[in-house]
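S.K.: Predicted structure and sequence below. I'll ask about it afterward.
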Amino acid sequence: MIHRQTQSSDYWSSFALTQDDAEFLYGLVLEAGSPKRLAELTQAVMGHRIEQENAALRRQYTSDKFYQPKKNYTAGEDIVFPALKFATGRVAGVRKGINPDIGDFDVIAVEMNGGFKREFAANFNRHHVLNEQDPTTLMDEGRIATPEELYAQYGESVSQVVNAALEQNSEFIRVGEEWFLRAMMADVNVGHLNLAEAVLDVAGGGPLTTDVILRDLGLPPDVAGNVQEASLNAALAGDARFDEVSLGDAPAWFLRRLEPAEVREMPASLRAARFQGNVTLGDDLEALARELDDELEFGAAPVEPADHASFTLIFPHKRAGTLGWSRKVAAVLPEFSKPRVPIRLKDRAGNKEATVWLVRDGRYLWGLGDWFRSPDIQPGSQIDLTRSEGHWTIDFHRHKPRREWVRVATVRDGRLHLETAQRAVSGDVDDLQSVFVDDPRAFDGLHERSRDVAHAVREAFPEIAKLSPQGNVHARTLYAVVNVIVRAAPRDVFSALVASGAYVQVGDNYWHLGDH
């Protein structure tokens, strides 16, 4: 078999886009007359490389050089042996063969490229399998991976190289998630962009797809519609007034100044304080931190898609009308790479839909303020998020209202105060994380002043402990109550707890104020 470099992982791991590759891609986009996605360009250039290699092999291994017993050979002639995995050699000498049963034939001595010598029959015009076979067919024997198969194996890394090279190539321009040629773009001037702003303004900010915006812009009619869309997409993407917010392949645009303020800037209650210090947590606290699944500790590990997620609401998100974009939530949400994207989210019980924004910077979903105003939903409530055929629904674990003794948080003299009181409870709550808050706005000033996780732990611990006959505090409860005072990740809360030295662990993640 011929060794094909393009069939090896080493070849694609060291791939670099050449000028010839760039010219090939230029011609591909030019002929198509429309933008191409990076995946299409990558697979095409990989196929181009494979075809180049095949052409080179055909030039290198012409049928004239292939060994067949019926051919005549002379000293100094180079030969290729397809049946010997395309080994090569040079004829060192020719002599007459001696075999009365066969008749006249020659024997050639060949110095093989491996440094050894072998003899082969020549001028043998009788039946032989190598005389009957077309040697060029042996070039394609065996299993050769297709461009599609090679893309599935190596496409991700090759795409990164292609993308970086096109970013540096002035002849190409990115249009959303696609690439186009600058020379083919229609002229979209500031007047067109001002008209686009006015169209979106009338539409309440958007989102509107590019073809809808184009109807009022009056681009030259002789420019093809797909080129008009590509040109407008590129111009809108380069103007800070516009955001591309589609989930699908077709770009959709929103007027940035009409996006909710909480989408353009993280709500105050979500701005996290961090513990300054290096503390090693025990296995129990590490396991609890992972279980709490806080978006502040999302991590880089991939997330397996899921159709349903159930999680516990904490106070900062109740106050901001948001959900944390944790690993559980991310498994249900659509994948996208844009800074902000709106989706429609339906309240399962009320069957009402609302626009919710997925905000990548800060990892939160905003737009649930009206839903969270219900007294049935409190910090500690169990929330359900479900995906079904591109639609998302939200709900909480409902049951018939009943009076229960619960943990209630208020602000007194500028400090957190906890007490137990009876409240009507209409849904399942996590007892360890439940903190009923009658007036969430009362904690705004407390949050603004409390930017120290260690201070928040010192303030929260005794308030929780006084509600327990034993004075014990569960780390899960401490995390929930600290987050009423200040937004903090589980590991920051637990690090402040351990680092203080004032508390001792009494088992099952319960802690007690130590003796001093």
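M.R.: Done, it's in.
S.K.: give me the low-pLDDT residue ranges for the stretch 101-250 of the chain?
M.R.: Regions of the stretch 101-250 of the chain meeting the criterion pLDDT under 70 cover residues 134-143, 176, 222-225.
S.K.: one more time with 50, if that's ok
M.R.: 141 (pLDDT under 50).
S.K.: now the strands for it?
M.R.: Ranges of strands in the stretch 101-250 of the chain, per DSSP state E, counting those that start in this stretch, are 106-112, 117-122, 172-175, 178-181, 208-209, 242-244.
S.K.: V29: what's it in contact with?
M.R.: Each residue near V29 by C-beta atoms under 8 Å, 6 or more residues apart in numbering is listed here: 35-36, 41, 172, 179-181, 184. Using the backbone N, CA and C atoms, a C-beta is placed for each residue, glycine as well.
S.K.: Closest one of those residues to V129?
M.R.: Taking C-beta to C-beta as the measure, V129 lies nearest L41 of those, at 44.5 Å.
S.K.: how many neighbours does that closest one have?
M.R.: 24 (other C-beta atoms under 10 Å).
S.K.: Touching, it and L28? I think so.
M.R.: Yes: with contact defined as C-beta atoms under 8 Å, L41 counts as touching L28 (7.2 Å).
S.K.: Okay, buried residues for stretch 406-414 please.
M.R.: Judged by neighbour count using 16 or more other C-beta atoms under 10 Å, the buried positions of stretch 406-414 are 406-411.
S.K.: Out of the residues you listed, which comes closest to D428?
M.R.: The closest of the buried residues of stretch 406-414, once distances to D428 are taken by C-beta to C-beta, is V406, at 12.6 Å.
S.K.: Kindly export the longest helix along the chain (C-alpha atoms) in CSV.
M.R.: Scanning the chain for the helix with the most residues, using DSSP state H, yields helix 38-60. Extracted in CSV, the C-alpha atoms of helix 38-60 (Å, rounded to 0.1, in the frame of the first residue of the first chain):
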residue,chain,number,x,y,z
LEU,A,38,-16.3,27.4,8.8
ALA,A,39,-17.2,23.7,8.9
GLU,A,40,-17.9,23.7,5.1
LEU,A,41,-14.6,25.5,4.3
THR,A,42,-12.6,23.2,6.6
GLN,A,43,-14.0,20.0,5.1
ALA,A,44,-13.5,21.4,1.6
VAL,A,45,-9.8,22.3,2.2
MET,A,46,-9.2,18.9,3.7
GLY,A,47,-10.7,17.3,0.6
HIS,A,48,-8.6,19.6,-1.5
ARG,A,49,-5.4,18.4,0.3
ILE,A,50,-6.4,14.7,-0.2
GLU,A,51,-7.0,15.3,-4.0
GLN,A,52,-3.6,17.1,-4.2
GLU,A,53,-1.9,14.1,-2.7
ASN,A,54,-3.7,11.7,-5.0
ALA,A,55,-2.7,13.8,-8.0
ALA,A,56,0.9,13.8,-6.8
LEU,A,57,0.9,10.0,-6.4
ARG,A,58,-0.5,9.5,-9.9
ARG,A,59,2.3,11.7,-11.3
GLN,A,60,4.9,9.8,-9.2
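S.K.: What residues of that helix count as buried?
M.R.: Under 16+ other C-beta under 10 Å, the buried positions of helix 38-60 are 38, 40-50, 53-54.
S.K.: Distance to T18 and mean neighbour count for the strands of the stretch 101-250 of the chain - can I get that in JSON lines?
M.R.: As requested, these are exported to JSON lines (distance: least, C-beta to C-beta, whole Å; neighbours: other C-beta atoms under 10 Å):
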{"stretch": "strand 106-112", "distance to T18": "34", "mean neighbour count": "18"}
{"stretch": "strand 117-122", "distance to T18": "39", "mean neighbour count": "17"}
{"stretch": "strand 172-175", "distance to T18": "15", "mean neighbour count": "21"}
{"stretch": "strand 178-181", "distance to T18": "17", "mean neighbour count": "22"}
{"stretch": "strand 208-209", "distance to T18": "37", "mean neighbour count": "18"}
{"stretch": "strand 242-244", "distance to T18": "31", "mean neighbour count": "22"}
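S.K.: between those, which gets nearest to E335?
M.R.: Closest to E335 of the strands of the stretch 101-250 of the chain, according to C-beta to C-beta: strand 242-244, at 15.7 Å.
S.K.: Residue ranges in the chain under the pLDDT threshold?
M.R.: The low-confidence ranges in the chain, as defined by pLDDT under 50, are 1, 141.
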